[in-house]
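Colleague: Using only what follows, build the 3D model:
(one chain, ligands or ions: 1)
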Amino acid sequence: MAGNINLVVCDDAAAVAREAARRFAGEICARPGAVIGLATGSTPEATYAELARMHREEGLSFAGVSTFNLDEYLGLDGTHEQSYRYFMHDRLFRHVDVQPWNTFVLNGKAANAHLECQAFEQKILALGGVDIWLLGIGGNGHIAFNEPGSSVDSRTRVVNLTPDTIAANSDGRFFKDAAEVPRCALSAGIGTIREARKVVLLATGSSKAGAIAAAVEGDFTTDCPASLLQDHPDCTFIVDRDAASGLKSA
Ligand code: PGA
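Modeller: Residues are numbered from 1 along each chain as shown. Okay, here's the model as predicted:
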């Protein structure tokens with residue numbers, strides 16, 4: 001099935017970042033109290049660099065913005081260099097004027113992880129929902145740590161990482177050794193993500209081509225979690241030519 005997903009194919013990864021940053025900046029300018037969803041991983045790093053540049057050079061202000069991150073490793077403190085709290089601080093938060101108390105990253109060291117997940121969902125509701133959520137995609141089609149098999153209405157919860165994901169995150173970019181990668185994470189659910197008013201998914205490189213083709217042109221199926229965005233009313237995939245190379249239509 002080809003769903004509703006809007007596809008934007010850019011020449012290269014730098015153009016993907018510029019296009020994504022332009023969309024997020026547009027949301028923030030339209031509503032200075034915007035609630036934005038964020039992702040970690042290699043793919044969004046250039047987008048965060050571009051948003052930081054827009055703050056520095058063009059006066060884009062995050063002063064009224066609230067942020068929610070997709071996920072965090074279970075057991076990692078926010079000061080751990082591989083924690084997603086640390087990643088966000090390093091790549092974006094410290095470069096812009098977002099108020100630290102308006103940045104919501106799940107606490108991997110919470111005394112009760114289940115309560116932490118519930119509180120995260122409640123906080124999203126209390127702020128009126130997420131206006132626009134940035135996503136990456138795994139080579140197996142995962143979004144956040146929702147691995148294949150995750151249900152369409154899943155909520156924020158503790159999940160197991162698959163061997164594929166553990167391997168991808170210990171290829172030297174992040175963890176150096178698979179043994180160091182936590183086996184579990186706290187992750188927003190697919191249902192949580194689908195409730196965002198807009199979703200923007202980024203993919204660059206040929207290692208994502210199969211997942212992008214399955215998500216955009218394949219069946220609506222839990223086998224490919226990103227395909228569960230096909231019926232979202234405002235979902236855009238911004239990809240480079242390599243990531244688009246498996247698509248029949250691109
Ligand atoms: P990556 O990860 O951006 O590091 O490729 C994306 C993901 O696994 O969601």
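Colleague: Can you give the distance of the lowest-mean-pLDDT helix or strand in the chain from its chain's centre?
Modeller: Scoring the helices and strands of the chain by mean pLDDT, DSSP states H and E places helix 163-168 at the bottom, with a mean of 92. In terms of C-alpha atoms, centre = their mean, to the nearest Å, the centre of helix 163-168 is found 17 Å from the chain centre.
Colleague: do stretch 175-193 as well
Modeller: Worked out by C-alpha atoms, centre = their mean, stretch 175-193 lies 12 Å from the chain centre.
Colleague: now stretch 232-248
Modeller: For stretch 232-248, the distance to the chain centre is 15 Å (C-alpha atoms, centre = their mean).
Colleague: tell me the mean pLDDT for it?
Modeller: For stretch 232-248, the mean pLDDT works out to 97.
Colleague: where does the chain dip in pLDDT?
Modeller: Applying pLDDT under 70 to the chain flags the ranges 1-2.
Colleague: what's the helix or strand following the least confident helix or strand of the chain packed up against?
Modeller: Counting by DSSP states H and E, the next helix or strand C-terminal to helix 163-168 is strand 184-187. Strand 184-187 sits against strand 71-73, helix 113-126, strand 157-160, with contacts defined as 3 or more C-beta pairs under 8 Å, 6 or more residues apart in numbering; DSSP states H and E. Every residue, glycine included, has its C-beta placed from N, CA and C.
Colleague: pretty sure residue 208 contacts residue 142?
Modeller: No. Contact criterion C-beta atoms under 8 Å: residue 208 and residue 142 do not qualify, at 11.3 Å.
Colleague: out of the helices and strands packed on strand 184-187, nearest to residue 20?
Modeller: strand 71-73 (18.7 Å; C-beta to C-beta).
Colleague: List of residues touching that closest one?
Modeller: With contacts defined as C-beta atoms under 8 Å, 6 or more residues apart in numbering, strand 71-73 is touched by 40, 82-85, 105-108, 144-145, 181-182, 184-188.
Colleague: hmm, 7 Å instead?
Modeller: Applying C-beta atoms under 7 Å, 6 or more residues apart in numbering, the external contacts of strand 71-73 come out as 83-85, 105-106, 108, 144-145, 182, 185-188.
Colleague: can you give me how far the helix or strand that it is followed by is from the chain middle?
Modeller: Counting by DSSP H and E, the element after strand 71-73 in chain order, helix or strand, is helix 84-91. Centroid displacement of helix 84-91 relative to its chain, using C-alpha atoms, centre = their mean, is 13 Å.
Colleague: swap in stretch 65-72?
Modeller: 9 Å.
Colleague: again with stretch 120-132
Modeller: Chain-centre distance of stretch 120-132: 15 Å, with C-alpha atoms, centre = their mean.
Colleague: Go through it and flag the buried ones.
Modeller: Residues of stretch 120-132 classed as buried under the neighbour-count rule (16 or more other C-beta atoms under 10 Å) are 120-121, 124, 127, 130-132.
Colleague: State the number of residues packed around the residue nearest to residue 247 when sequence neighbours are not counted.
Modeller: Spatial nearest neighbour of residue 247, chain neighbours left out: residue 213 (5.3 Å); criterion: C-beta to C-beta, 6 or more residues apart in numbering. For residue 213, the neighbour count with other C-beta atoms under 10 Å is 19.
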